[in-house]
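K.L.:
can't give you the sequence, but here's the structure:
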């Protein structure tokens, strides 16, 4: 998956990166990239900030052992680089190539209906988070209960159907019950 879900209020924008702290004295910045290959963030051409008030063109990217460092067009001093700190970088959804089969952009998952295997609606996908281990989808429940956070695994989300606006969701308690039943049936045993 490429991109992240925080797209401001505009459904046509995909977050592809964020400018970090200034790097050195000549206007370079550290850059956090959310693209599959981090250096590819420069390949999207002009990027924009969340408000649409700034157009940002990455002229050059270099990968260092600790971070991605970028040169931004028109930024030549440390002070100008510092002024961009925490600027989120967006592209329009149509600037992204089509996702390969059985892959999705995170932006395409937002707004999908989450349903049970029987078609019962749980709610709507409102976010996809990644805190380092794996993706977690956030479901706003139809019943008004607290949002449901589910690991985005094949066991929990066996089917994603972007074209029809839905994904099939197995609630965590059902997955746990199935695993418990398999364990009590003599699942893994050592000799």
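P.N.:
That came through, no problem. No experiment lies behind these values; they were computed from the predicted model shown. Residues are numbered from 1 along each chain as shown.
K.L.:
Quick check: phi and psi on residue 58?
P.N.:
Main-chain dihedrals, residue 58, degrees, to the nearest 10: phi -80, psi 120.
K.L.:
what sits against the closest residue to it other than its chain neighbours?
P.N.:
Once flanking residues are discounted, residue 58 sits nearest to residue 42: 4.2 Å by Cβ to Cβ, 6 or more residues apart in numbering. In short, each C-beta sits where N, CA and C put it, glycine included. When contacts are counted by Cβ atoms under 8 Å, 6 or more residues apart in numbering, residue 42 touches 58-61, 70.
K.L.:
Those residues, buried ones only, as a ChimeraX selection?
P.N.:
Entered in ChimeraX, the line below selects the buried ones among the contacts of residue 42, by 16 or more other Cβ atoms under 10 Å:
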select :58,61,70
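K.L.:
Of the contacts of residue 42, which is the nearest to residue 107?
P.N.:
residue 58 (20.2 Å; Cβ to Cβ).
K.L.:
Any idea what the closest one is bridged to?
P.N.:
Taking DSSP bridges as the rule, residue 58 bridges to residue 72.
K.L.:
pretty sure it contacts residue 41?
P.N.:
Yes - contact criterion Cβ atoms under 8 Å: residue 58 and residue 41 qualify, at 6.5 Å.
K.L.:
Identify the contacts common to the two.
P.N.:
When contacts are counted by Cβ under 8 Å, 6+ apart, residue 58 and residue 41 have 31, 47, 70 as shared neighbours.
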